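J.: Quick one, structure for this:
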Amino acid sequence: MSVAKSSSATATTSIADGPYRGRFAPSPSGPLHFGSLVAAAGSFLDARAHGGEWLVRIEDLDPPRERPGAADSILQTLELFALDWDGPVLRQSERAAFYAAALEQLRSLHATRRCDCSRTQLKALPRNRTRPPGEELFHPPVCLAPEAGRPRPAAERFRVPAGPVEFVDRSLGALTSDVAQEVGDFVLQRRDGHFAYQLAVVVDDASQGITDVVRGADLLSSTARQILVQRCLGLPQPRYLHLPLAVRADGAKLSKSTDAPGIARSPPATQAWRALAFLGQRPPPELEGAAPREVWAWGVAHWNPVMFAGIRSHDVAGWSPTAPDRQRDPQ
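T.: Modelled structure (predicted):
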């Protein structure tokens with residue numbers, strides 16, 4: 001993904017309109033860690049600073065990766081940190097019928113295709129051997145030769161049109177991504193029958209009337225894929241703001257699935273203050289011992305995304321609000 005020369009590509013998709021509505025959408029693969037808190041706080045503060053609603057959605061689409069009790073633990077931690085959400089919590093595990101209807105609509109538009117390629121086959125491709133962990137594997141324009149043995153269930157993929165997708169991020173500016181070249185046709189429904197994140201998130205954002213998606217920069221690479229699905233289904237495109245990602249010294253992101261320490265083990269006020277500082281908001285030192293609700297009230301009143309504009313990641317241990325950051329995008 002690179003900086004775009006213009007931002008005119010969004011002209012074919014209507015931008016979400018109406019009162020601001022944001023969301024926080026964690027997956028229940030473990031307890032919330034500091035990186036999760038940054039994403040929750042950033043989306044919460046942006047919503048409240050705009051006088052908008054802030055919803056919570058549990059993205060429990062992948063049972064093998066989920067941990068028992070993690071969803072309830074996440075909600076309890078949000079309550080502990082006084083991150084009060086609006087309305088009922090939406091759980092993706094209860095919305096299969098909506099995803100099936102969207103997939104059927106895409107089929108009727110000839111925007112999908114069946115795929116018998118195994119993950120083992122795709123991982124063996126030269127372009128995938130150095131793929132970062134967690135990234136969707138590149139799929140070539142034509143499926144690979146079927147493996148010997150009995151037939152297996154097929155996945156269903158989105159037919160990606162040729163050409164770049166351009167969009168504007170409120171922090172990173174105008175960006176362009178050539179999905180056909182970077183990822184190829186991507187999965188909408190897995191061979192095990194579970195619906196893929198890229199389909200579910202588009203359906204749910206539209207269903208919930210989300211106008212602004214504020215999330216970590218680790219999901220930046222998914223944005224162009226989601227815009228393609230939005231366009232095909234005739235759905236409005238939210239505004240996007242990708243927050244700096246909390247990473248370790250080696251560049252690896254903090255992750256629930258890799259046992260990053262849960263924030264519930266630390267004093268909420270200190271962690272809330274640290275999250276504001278991590279986002280460049282420069283909270284006063286005396287707030288570090290205040291109740292979380294007081295910290296967030298200060299954050300809403302002083303919220304300024306310009307303070308982290310162009311920054312994609314910070315080393316959690318080594319970063320400070322006054323230090324230069326090598327992860328800032330060129331302007």
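J.: So for the longest helix along the chain, mean pLDDT?
T.: Secondary structure of the chain per DSSP state H: the longest helix is helix 34-49. The average pLDDT for helix 34-49 rounds to 96.
J.: Which elements pack onto that helix?
T.: Secondary-structure packing of helix 34-49 (3 or more CB pairs under 8 Å, 6 or more residues apart in numbering; DSSP states H and E): strand 21-24, strand 53-58, strand 212-216, strand 239-243, strand 245-247, helix 268-278, helix 292-302. Glycine gets a C-beta too; all of them are placed from N, C-alpha and C.
J.: closest to Pro68 out of those?
T.: strand 53-58 (13.7 Å; CB to CB).
J.: Only the C-alpha atoms, please, for the helix or strand following that closest one, written as CSV.
T.: Where DSSP states H and E defines the elements, the next helix or strand beyond strand 53-58 is helix 70-80. In CSV, the C-alpha atoms belonging to helix 70-80 read as follows (Å, rounded to 0.1, in the frame of the first residue of the first chain):
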residue,chain,number,x,y,z
ALA,A,70,-12.9,-14.2,26.5
ALA,A,71,-15.9,-12.3,25.2
ASP,A,72,-17.3,-11.7,28.7
SER,A,73,-13.8,-10.8,30.0
ILE,A,74,-13.5,-8.1,27.3
LEU,A,75,-16.8,-6.6,28.2
GLN,A,76,-16.0,-6.6,31.9
THR,A,77,-12.6,-4.9,31.2
LEU,A,78,-14.3,-2.2,29.1
GLU,A,79,-16.7,-1.6,32.1
LEU,A,80,-13.7,-1.5,34.5
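J.: Check the offset of helix 70-80 from the chain's centre.
T.: Helix 70-80 sits 19 Å away from the centroid of its parent chain (CA atoms, centre = their mean, to the nearest Å).
J.: Next, the angle helix 292-302 makes with that helix.
T.: Angle, helix 70-80 to helix 292-302, by axes from the mean of the first three to the mean of the last three CA atoms, to 10 degrees: 80 degrees.
J.: What helices and strands are in contact with the helix or strand just after helix 70-80?
T.: Moving toward the C-terminus from helix 70-80, the next helix or strand (DSSP H and E) is strand 90-91. Using 3+ CB pairs under 8 Å, 6+ apart as the contact criterion, the elements in contact with strand 90-91 are strand 53-58.
J.: Could you pull up the residues touching the residue lying closest to Val295 once chain neighbours are set aside?
T.: Sequence neighbours aside, Ala272 is the residue nearest to Val295 in space, at 4.2 Å (criterion: CB to CB, 6 or more residues apart in numbering). Going by CB atoms under 8 Å, 6 or more residues apart in numbering, Ala272 touches Leu37, Ala41, Phe81, Pro292, Val295, Trp296.
J.: Give me the PyMOL select line for those, limited to the buried ones.
T.: If you want just the buried ones from the contacts of Ala272 in PyMOL, going by 16 or more other CB atoms under 10 Å, the selection is:
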select buried, resi 37+41+81+292+295+296
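J.: All set now, cheers.
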